[in-house]
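Peer 1: everything below, folded, please.
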Amino acid sequence: MPKSRVNDVLALASAQDGYITTREVANAGITRRALAGMVERGWLERVARGVYRVVNRGEHHEADLLSPYREVVMWAQSHRGPRVALSHETALAILGITDANPTRIHLTVPQRARLRRVPLPHVILHRGTLDDQDIIDYKGLPLTSVRRTILDLVRSGSICFAQDALNEARKEGFVSKIEFTKLRREMMDTKSASRKN
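Peer 2: Below is the predicted model:
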């Protein structure tokens, strides 16, 4: 493979915390055989089905604190996967709205999405409808909005955690006073609806 092609792949991966999917490689006009050659030569390593990471050789992108989250999103979306969002405790941790440091990554996928990949052991999959207003972009990562995240926590039974998150979101300026009051009311309605089901 020409060096320029290798550099193209490495540049694309570097813009994504050092990660690249097989779909992105194919879209760049690189064959599966050439991809395998990059792995054999030690330029890339396979981290999950359909997801590769640049092997750090000093001159390429180093992983940062968001890299594990980017890897999970790319894993779910590789091979034309569904629209997904990091959610629940994970979304709050990324935004800095909680001191909690979840040991597993929470990911919400559409209700009817069929992931052809075996779930990663450190990922908790949630099913739900993801509307445009439910997803925000944070440094290139899809996260559930603060409102959606808090209501998801209520639906999953983590009511005290959701209330703490709402208080912290208000304190940190993620929600206005009016939004705070409205969201607190929505939490109560969601809690009541969850009990009925």
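
Peer 1: would you map the helices across this protein?
Peer 2: Under the criterion DSSP state H, the chain contains helices at 3-14, 22-27, 32-40, 67-77, 88-95, 146-155, 159-171, 177-196.

Peer 1: format those helices as TSV; extra columns: mean neighbour count, mean pLDDT and distance to residue 122.
Peer 2: Placement of C-beta: from N, CA and C, glycine included. TSV is the format used below for the helices of the chain (neighbours: other CB atoms under 10 Å; pLDDT from 0 to 100; distance: least, CB to CB, whole Å):
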stretch	mean neighbour count	mean pLDDT	distance to residue 122
helix 3-14	15	73	21
helix 22-27	16	81	21
helix 32-40	14	83	22
helix 67-77	22	85	8
helix 88-95	24	94	11
helix 146-155	23	94	19
helix 159-171	18	92	20
helix 177-196	13	87	27
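
Peer 1: of all these, which lies closest to residue 111?
Peer 2: Nearest of those to residue 111, taken as CB to CB: helix 146-155 at 13.5 Å.

Peer 1: so what does that closest one touch, helix or strand wise?
Peer 2: Counting contacts by 3 or more CB pairs under 8 Å, 6 or more residues apart in numbering; DSSP states H and E, helix 146-155 packs against helix 88-95, helix 159-171, helix 177-196.

Peer 1: give me the angle between that helix and helix 88-95.
Peer 2: Angle between the axes of helix 146-155 and helix 88-95 is 150 degrees (criterion: axes from the mean of the first three to the mean of the last three CA atoms, to 10 degrees).

Peer 1: got the angle between helix 146-155 and helix 159-171?
Peer 2: Relative orientation of helix 146-155 versus helix 159-171 (the same axes, to 10 degrees): 160 degrees.
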